[in-house]
Structures are given as structure tokens and as C-alpha cells.
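Peer 1: below are the sequence and a predicted model; questions follow.
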Amino acid sequence: MDYKPSTSSSWVWRRICWVKEEMRDGYVNGKWGVQPEGFTPAGCYDWFKGTRPRVHWFKAVWNGWALPKHQFLGWLIAHEALNTTARLASFGLDIEDKCHLCGLTPETTEHLFCECLYSRGIIRELNKETRWNFPIRDVLDWCMQRKGTVLQRGVQIAMMLGTVYQVWHQRNKSRNKNLLIRPECVARFIMEEMRSRVRGRDRATMTIAERDWLKRMRLVE
């Protein structure tokens with residue numbers, strides 16, 4: 001534990017030794033004294049991470065049915081870190097803050113995913129496909145309020161995060177390439193992407209009621 005790397009050591013080795021210094025407080029009389037069972041990588045990670053209360057949006061963002069890129073976008077929204085034009089303009093950047101999809105109002109997160117005419121067009125088409133109402137005022141609140149089994153909640157949240165991702169994707173295409181696909185085409189892509197996710201799951205783990213629910217949602221035949 002007293003070892004010090006030389007100044008000529010590689011960056012990687014110096015970083016490893018830096019981690020060792022960070023772990024020093026976890027050792028008592030030369031032994032790992034934080035966990036009674038002794039040192040484990042998982043225990044060390046938990047010790048580094050510390051104890052924090054779980055955030056309220058945890059299950060809405062880190063949903064196993066959603067794709068990682070969709071989860072990451074949800075995480076940005078949860079942290080209010082999505083670079084909408086309104087947010088960038090608030091930093092003092094000399095840019096137009098209007099929505100790149102409708103061009104009517106400042107592009108805030110709430111407007112982009114809940115109020116924009118283009119986004120609402122996508123949601124309207126999804127309502128037609130699924131026969132299920134998609135009222136949105138706040139994306140994460142909507143996700144957290146889902147009812148039903150684990151599968152039903154997971155599918156609904158995954159579809160919502162997929163919708164949010166596609167809205168952001170189309171927004172970026174409109175901004176960078178001046179190209180915008182019709183809402184009904186985007187909705188069909190979201191549905192097919194969700195069908196692929198459902199097809200990849202083991203049907204044997206689904207109850208009859210869940211399979212019937214997926215049929216009503218038009219996610220399985």
C-alpha cells in the first residue's frame with residue numbers, strides 16, 4: 001500500500017496506483033475491513049459508490065425492455081441535460097431558440113416531447129396502432145405511473161422512450177439536414193422496433209393474459 005509509481009511510469013499504471021490510493025481507507029491493519037466477508041470486486045465498487053437514495057425516475061429510465069440509446073436519452077431528460085435550443089440559448093449562445101420540428105415556440109424539453117405538433121402527430125398515430133391512449137404531460141412522470149405486470153409496464157415505458165428517441169432523432173435530422181419524415185412513418189418504425197423487442201423475448205415466460213395484452217397492442221400476431 002505504500003508503493004509510489006515513478007514519474008516515468010505509464011499513464012495506465014499511474015492511474016491504477018491512483019485507484020490503490022483511493023482504496024487505502026478501506027484497509028485496516030493491511031486487510032480489507034469494509035465488508036465482513038473480505039475483499040470482493042462488487043463490495044469494493046459499492047464502497048466507492050457510497051450509499052445514496054435511489055432516484056425516483058430509476059425504473060422509468062433503466063428499463064430492461066428499452067434499448068440502451070433510448071435509456072441514455074431518458075437519463076439526459078431526467079437530469080435536464082438535453083441540449084434543446086432553449087437550453088443552449090440560455091447559456092448565452094447566439095442561436096434561434098425556436099423548435100426545429102414545428103418552428104412555433106421555444107424548443108424546451110416539455111414542448112419537444114409533449115406539446116410540439118409533430119410529436120403529437122407521432123403519438124396520435126401510435127394511439128391508432130395500439131388502441132391505447134398516450135396522454136403525455138411529462139415523459140418520466142408518464143412512465144412512472146404505468147400500471148400492470150412487469151412486462152406490461154416495461155413494454156409501455158420502452159415504447160415511450162423509443163418515441164422520445166425518435167422525436168429527438170427527427171429533430172436532429174431537421175436541424176442538420178433539413179429533412180423531416182412524416183409522423184405516420186416514424187410511428188410505424190417505433191411499432192416495428194417494439195415488435196422486434198417482443199419477438200426476442202421468451203414467450204414461455206409470458207402469461208396468457210400478457211400475450212393477449214400484446215395482441216391487443218398489435219405487438220404480436
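Peer 2: The structure has been received and is ready for your questions.

Peer 1: element containing the residue nearest in space to the middle of the chain, please.
Peer 2: By CA atoms, centre = their mean, the chain has its centre lying nearest to Gln71, at 1.9 Å. According to DSSP states H and E, Gln71 maps onto helix 68-78.

Peer 1: buried ones in the next helix or strand after that helix?
Peer 2: Downstream of helix 68-78, the next assigned helix or strand under DSSP H and E is helix 85-90. Under the neighbour-count criterion of 16 or more other CB atoms under 10 Å, helix 85-90 has 85-87, 89 buried. Just so you know, the C-beta spots here come from the backbone N, C-alpha and C atoms, and that holds for glycine as well.

Peer 1: and the contacts of helix 85-90?
Peer 2: Helix 85-90 has contacts (CB atoms under 8 Å, 6 or more residues apart in numbering) with 95-100, 106-109, 111.

Peer 1: make it 10 Å
Peer 2: Residues from elsewhere that reach helix 85-90, judged by CB atoms under 10 Å, 6 or more residues apart in numbering: 80-81, 84, 93-100, 105-112, 171, 175.

Peer 1: average pLDDT for that helix?
Peer 2: Across helix 85-90, pLDDT averages out at 92.

Peer 1: show me what whichever helix or strand comes after it is packed against.
Peer 2: Note on helix 85-90: by DSSP H and E, the next helix or strand toward the C-terminus is helix 109-110. Here helix 109-110 touches helix 85-90, going by 3 or more CB pairs under 10 Å, 6 or more residues apart in numbering; DSSP states H and E.

Peer 1: in the longest helix along the chain, what counts as buried?
Peer 2: Secondary structure of the chain per DSSP state H: the longest helix is helix 150-177. By neighbour count on 16+ other CB under 10 Å, the buried set for helix 150-177 is 151-168, 170-171, 174.

Peer 1: that helix vs helix 68-78, what angle?
Peer 2: 80 degrees (axes from the mean of the first three to the mean of the last three CA atoms, to 10 degrees).
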